Structure formats: structure tokens, C-alpha cells
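A.B. asks: show me how the following folds:
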Amino acid sequence: MSLMKKGATITVYHKHEANKTLKIQVEESVAVGNPSLVGDADGIWSVPCDLTGFDASLNKSKKNKKKPIKIRFHADAFQKANKDLAFAKQMNAAGVKLLADLLGTAWSLEPPAKADPRLTHIKNLRQLLSETPIVTQSSTTVALTWLLKDKSLACDTIRSSVQCATNTDAKTAELRFIGRDDLNELLLLADVDEALVGSDCEVRADCLRWLLQKKVDKRTEEAQPKTRNLKPFRAWDTVRLGPSKDRLRTVSALLFASLAYYFSFPELYAL
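C.D. replies: Numbering: from 1, shown residues only. Predicted coordinates for the structure are as follows:
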């Protein structure tokens with residue numbers, strides 16, 4: 001679809017500042033030259049146009065420009081574009097190129113993509129999981145509980161998307177945010193030993209609870225899970241994960257300290 005139609009208004013968007021736009025009016029002017037064929041080329045046109053009302057200071061201004069900006073063509077260009085589709089495409093290309101050359105790389109004819117609110121959820125969850133959890137344990141389980149100061153984390157999207165898994169072969173337990181459109185983000189991962197056999201997680205109205213299930217020796221019932229290696233996740237900005245073999249191994253340093261302490265003195269905290 002051609003943008004360069006007489007009387008049309010073109011919107012350009014700033015790439016780095018939300019809601020900052022410019023409105024450009026398409027008009028005719030006798031001050032602009034007639035379109036002309038390029039040499040002996042068949043159907044190749046030179047379509048003159050100019051831009052008025054724009055200056056480079058608008059790139060630094062925080063406000064949208066109130067005075068009109070105009071892109072102008074000769075009247076003959078509009079008449080020919082109405083009759084000749086090939087010419088209309090060349091006229092449009094000439095106008096788009098002029099806008100790109102004069103406005104610079106900070107502006108785009110394409111509207112910015114809408115932010116995915118789930119990415120904000122992931123960032124907030126990672127921030128929550130960097131805090132020290134409340135740790136309780138019994139002879140068969142270890143429960144890690146994070147209190148929700150931000151009640152928005154208890155929304156339905158998070159309740160349905162936060163999932164956990166235990167891989168006894170790889171000896172890992174992890175929390176993930178899994179959603180539509182192949183969104184699959186690691187929130188927290190811990191290396192464990194064979195004494196951990198399962199896990200379950202639940203987002204409640206006031207807390208996020210991760211339940212780790214121990215492998216209990218039926219003869220002595222004294223086997224305890226041991227945390228081998230817990231690594232802090234330092235890149236808090238959202239990242240797209242690759243295959244499982246490339247997974248990040250992550251957990252906060254505070255969680256490491258808490259688990260190490262509780263696993264060292266389980267008799268002090270048995271339920």
C-alpha cells in the first residue's frame with residue numbers, strides 16, 4: 001500500500017522513546033519538480049520530493065512537534081500515480097527513502113512492538129527468588145517458601161506458568177516459566193544429589209512454595225539430600241534458553257547459604 005497519497009498523514013515512530021511520534025502530511029507543491037523518465041530506461045522514473053518543517057533538534061526534543069511537517073510532490077506525480085500502479089510504487093519508494101535519509105535512524109515507519117507482560121513477570125519472579133526463602137523440612141521433604149510482597153505475582157498467568165521438574169539423571173531441580181509461543185525461561189536451578197527424587201511448586205495468594213522430595217532409606221530413614229553446587233544467576237534480564245544441554249544453572253547465593261545450613265543441621269529444623 002502506498003503511503004504517498006495526496007492529503008494522507010504519515011506517522012513515524014521514535015525507536016527509543018515510547019509514545020514519541022511525528023505526523024507528516026502528504027501534499028502537492030509547484031515548488032517541487034515534475035517526475036521524469038530516467039534516460040532511455042523503460043518505466044523507470046525519477047520522482048522529486050522534499051520535506052519541510054523538520055529539523056534535527058526534534059531528535060532530542062521530549063515533546064511531539066506541533067507545527068506540521070510536510071512531504072511534497074508535484075501535482076503531476078499524484079495524477080500519474082492514480083493511473084499507473086508501477087509509477088505509484090516508485091513514487092512511494094522515493095518518499096520513503098527521503099524520510100529515511102532526512103529523519104535518520106532514530107525514526108521508523110513501523111510502530112514499535114508491544115512489550116510482552118510475561119517478560120515483566122519473569123523479571124519480578126527472578127528478583128523474588130534471589131531473596132532468602134523460609135526453609136522447613138520433615139523426614140521426607142524440604143520446603144522453600146518465598147513470601148509475595150508484590151501481590152501481582154499471584155495472578156493467574158503466573159499460577160499457570162510456573163512449573164518445576166526434577167531430573168534424577170542430570171541431578172538437577174529447576175523452576176521454569178513456561179507459556180504459549182514457545183516461551184520457556186529458567187527461573188531457578190539447583191544441582192542436587194541422588195537423595196532428591198521429586199519436586200512440586202505452587203503459587204498461592206501470599207507465597208511461592210517449592211517442595212523438594214527426599215529419597216528416604218526405609219531401613220534407617222536418615223538419608224538427607226545434600227546440595228553439591230548452587231550457582232547464582234547474574235543476568236537478571238530475560239534471556240531465551242537454548243536446548244536442555246545448554247541450560248543455565250542458577251540459584252541465588254543466599255539460597256545456597258540457607259540450604260547448606262539446613263542440610264548440615266537437619267535435626268534442628270525437623271517438623
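
A.B. asks: ok, the closest residue in space to Val47 that isn't next to it in sequence - contacts?
C.D. replies: Using C-beta to C-beta, 6 or more residues apart in numbering and skipping the chain neighbours, the partner closest in space to Val47 is Ala94 (4.1 Å). Where C-beta positions appear, they are placed from N, C-alpha and C, glycine not excepted. Ala94 sits next to 4, 46-49 when contact means C-beta atoms under 8 Å, 6 or more residues apart in numbering.

A.B. asks: continuing past the longest strand along the chain, what's the next helix or strand?
C.D. replies: Selection of the longest strand in the chain by residue count, based on DSSP state E, yields strand 183-192. Counting by DSSP states H and E, the next helix or strand C-terminal to strand 183-192 is strand 196-203.

A.B. asks: that following strand packs against which elements?
C.D. replies: strand 162-167, strand 172-179, strand 207-214 (3 or more C-beta pairs under 8 Å, 6 or more residues apart in numbering; DSSP states H and E).

A.B. asks: same list, the ones you listed, but as a markdown table with mean pLDDT please.
C.D. replies: Output for the helices and strands packed on strand 196-203, formatted as a markdown table (pLDDT from 0 to 100):
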| stretch | mean pLDDT |
| --- | --- |
| strand 162-167 | 86 |
| strand 172-179 | 89 |
| strand 207-214 | 88 |
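
A.B. asks: Asp191 contacts Glu174, correct?
C.D. replies: No. Assessed by C-beta atoms under 8 Å, Asp191 is found out of contact with Glu174, at 10.0 Å.

A.B. asks: look at those two and report which has more neighbours.
C.D. replies: Glu174 (22 against 16; other C-beta atoms under 10 Å).

A.B. asks: where does Asn124 land in three-state SS?
C.D. replies: Assigned with DSSP: H, G, I helix; E, B strand; the rest coil, Asn124 falls in the helix class.
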